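# Return a 3D structure for these sequence lines:
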Amino acid sequence: MAKSNAEELGQAPISKLLIKQAVPASIGILVMSINILVDTIFVGNWIGSTAIAAINVVLPVSFFIAALGLAIGIGGSSIISRALGANKYHKAVTTFGNQISITLVLTLSMAALGLIFINQLIPLFGGKGEIFEPAKVYYRVVVIGVPILALAMMGNTVIRAEGKPKFAMVAMIIPSVGNLLMDYLFINILDYGMLGAAWATTGSYALCLGYIVWFFYSENSQLRLKLSNLGFQKPILNEISSLGFVTLSRQAVVSVTYLILNNILFNLGGEDAVTSYAIIARMLMFALFPVLGVTQGFLPISGYNYGANNFSRVRESINTAILYATGLGLLVFGFIMFFSEEIVSVFTSNLTILKQAPNAMRWVFAAVPIIAVQLIGSAYFQAIGKAIPALLLTLSRQGFCFIPLVLILPQFYGAFGVWISFPLADLLSTIITAVYLNKEIKKTLISENNNNRVEN
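A predicted model of the protein is given here:
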């Protein structure tokens with residue numbers, strides 16, 4: 001049964017298959033995003049608006065460590081998808097074992113360093129003034145739980161690589177629901193404040209990992225691990241590292257972006273400006289869930305068919321994914337343009353934030369209708385194992401375009417320069433990706449497919 005689920009990636013109609021893969025991914029991302037939103041609403045209303053800024057300061061540090069797990073997961077899952085497509089089961093299961101081992105080693109080391117340098121890291125990421133103390137309370141507990149989150153994120157990508165999107169969806173729903181329930185208990189009932197918010201987050205990570213461990217020990221998974229699979233295999237580690245480095249680099253750039261933005265906005269408008277960005281960042285996670293779901297659903301389809309040398313299906317998956325994601329992006333764009341005031345008012349009653357954040361949010365989301373090309377394009381190269389173009393295209397949006405813009409434009413336009421940097425970066429990176437993806441399709445997918453027909 002497990003095998004047939006993987007083989008379906010190479011046989012079912014692309015449109016139907018993408019919906020089957022993307023809907024559970026979208027639901028999982030949606031629930032996770034709602035969790036983040038409601039968590040922020042709880043914190044803002046039960047603790048205060050400064051607490052929202054405090055969590056936003058901690059996120060880039062904790063998410064970077066957790067991103068090690070996600071990077072290893074996506075890098076290894078690309079190998080697993082292609083290995084299953086080529087009927088190389090031993091390589092697939094050995095890759096999974098190496099993913100577990102390297103995730104544990106790296107994340108435990110990074111978490112230890114994060115705790116040692118706590119007093120230096122929090123101010124560096126914008127935790128200054130009244131933000132410092134609540135951020136420190138939250139940081140201590142969350143960083144302890146980050147290795148658990150990293151293992152869960154790694155395992156979730158492997159579940160998806162096996163062609164089991166519904167199980168991956170449940171793995172994302174469980175911690176989201178758990179976090180909200182524990183938020184209510186620890187913050188509202190027990191009045192633990194920031195400490196309660198931190199333990200609710202860490203506890204939800206543990207719930208997620210528990211479910212994922214159950215999945216791989218059940219009959220639902222075809223990856224039957226043995227102790228020998230946990231031993232490091234240098235060729236596999238090298239391949240995981242080269243592909244996973246793309247995801248890790250993206251998260252590193254995200255962390256640097258948080259660092260830059262929090263500090264620039266704090267200098268321009270203090271705690272309120274940082275809180276405005278924190279609310280907008282939460283909406284970016286939430287509102288883009290359908291577009292990101294299509295991207296997640298696209299990865300195993302393209303990777304499996306590329307491994308099986310079925311290039312016509314790879315091309316079809318690219319075109320279908322871009323079409324679906326663009327349509328969904330238009331819906332997101334309309335939602336934000338019309339309801340930005342109402343959205344901000346849910347998070348806070350602070351009059352300064354209510355005045356600043358809605359228009360800022362509109363500018364941040366202004367280019368959402370076109371970002372499908374950038375997301376699908378960079379994901380394609382990662383799915384097929386081409387690490388360098390995947391890395392360059394992934395970094396083009398925030399690294400090569402956004403960071404230079406946000407360092408320059410605020411000097412002339414103040415806070416408006418920060419917000420206008422978002423759509424400009426989206427536009428530039430989409431153009432770059434479209435040109436490169438079109439060239440790759442003509443060079444590899446069309447020519448290779450024609451060669452296969454001649455040989456047959």
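# mind listing what residue 212 touches?
Applying Cβ atoms under 8 Å, 6 or more residues apart in numbering, we find residue 212 in contact with 151, 152, 155, 156, 159, 171. Where C-beta positions appear, they are placed from N, C-alpha and C, glycine not excepted.
# and which of the residues you listed is nearest to residue 40?
residue 152 (20.9 Å; Cβ to Cβ).
# Taking the contacts of residue 212 together, which two end up most distant?
Among the contacts of residue 212, 151 and 159 lie farthest apart (Cβ to Cβ), at 12.6 Å.
# Distance check, residue 263 against residue 126.
With the distance defined as Cβ to Cβ, to the nearest Å, residue 263 ends up 5 Å from residue 126.
# I meant to write residue 199 there.
Note on residue 199: its distance to residue 126, by Cβ to Cβ, is 23 Å.
# got it, and residue 88?
Counting by Cβ to Cβ - residue 88 and residue 126 are separated by 46 Å.
# Which stretches in the stretch 201-350 of the chain count as helices?
Here the stretch 201-350 of the chain has its helices, by DSSP state H, counting those that start in this stretch, at 234-287, 289-307, 311-347.
# who has more neighbours, residue 263 and residue 126?
For residue 263 versus residue 126, the count of surrounding residues by other Cβ atoms under 10 Å is larger for residue 126: 28 against 16.
# Residue 389 - how many residues pack around it?
Number of residues near residue 389 (other Cβ under 10 Å) recorded here: 20.
# now residue 119
Using other Cβ under 10 Å, residue 119 is surrounded by 11 other residues.
# Ok, the one 3 residues further on next?
Burial measure for residue 122: 22 neighbouring residues, criterion other Cβ under 10 Å.
# Quick check on it: phi, psi?
phi -60, psi -50 (degrees, to the nearest 10).
# any idea how far residue 374 is from residue 435?
Counting by Cβ to Cβ, the gap from residue 374 to residue 435 is 11 Å.
# More neighbours: which of these two?
Each of residue 374 and residue 435 has its neighbours counted (other Cβ under 10 Å); residue 374 has more, 26 against 11.
# name the element the more buried one belongs to?
Using DSSP states H and E, residue 374 sits in helix 371-383.
# Work out the gap between that helix and the centre of the chain.
Relative to its chain's centre, helix 371-383 lies at 13 Å (Cα atoms, centre = their mean, to the nearest Å).
# looking just at contacts, which helices and strands does it meet?
Using 3 or more Cβ pairs under 8 Å, 6 or more residues apart in numbering; DSSP states H and E, the elements in contact with helix 371-383 are helix 49-85, helix 234-287, helix 289-307, helix 311-347, helix 387-395, helix 415-440.
# what comes up buried for the last one?
Burial within helix 415-440, assessed by neighbour count using 16 or more other Cβ atoms under 10 Å, is assigned to 415, 417-430, 432-433, 436-437, 440.
# can you tell me the average pLDDT over it?
In this model, helix 415-440 has an average pLDDT of 93.
# Please apply the same query to the fourth one.
Confidence over helix 311-347 (mean pLDDT, whole number) is 90.
# Then the first one?
For helix 49-85, the mean per-residue pLDDT is 79.
# quick check: angle from it to helix 371-383?
Inter-element angle recorded for helix 49-85 and helix 371-383: 50 degrees (by axes from the mean of the first three to the mean of the last three Cα atoms, to 10 degrees).
# Next, count neighbours for the closest residue to residue 137 other than its chain neighbours.
Of all residues beyond its chain neighbours, the one nearest residue 137 is residue 194 (4.3 Å), with distances taken as Cβ to Cβ, 6 or more residues apart in numbering. Neighbour count of residue 194, defined by other Cβ under 10 Å: 25.
# Helix or strand: which one has residue 194?
Using DSSP H and E, residue 194 sits in helix 193-217.
# Name the residues of that helix that are buried.
Residues 193-205, 207-209, 211-212, 215-216 are the ones in helix 193-217 that count as buried (16+ other Cβ under 10 Å).
# Check stretch 172-185 too.
Result for stretch 172-185 [16+ other Cβ under 10 Å]: buried residues 172, 173, 174, 175, 176, 178, 179, 180, 182, 183, 184.
# Kindly report the same for stretch 152-167.
Within stretch 152-167, the residues that qualify as buried by neighbour count (16+ other Cβ under 10 Å) are 152-167.
# residue contacts, residue 27?
169, 173, 293.
# No further questions, thank you.
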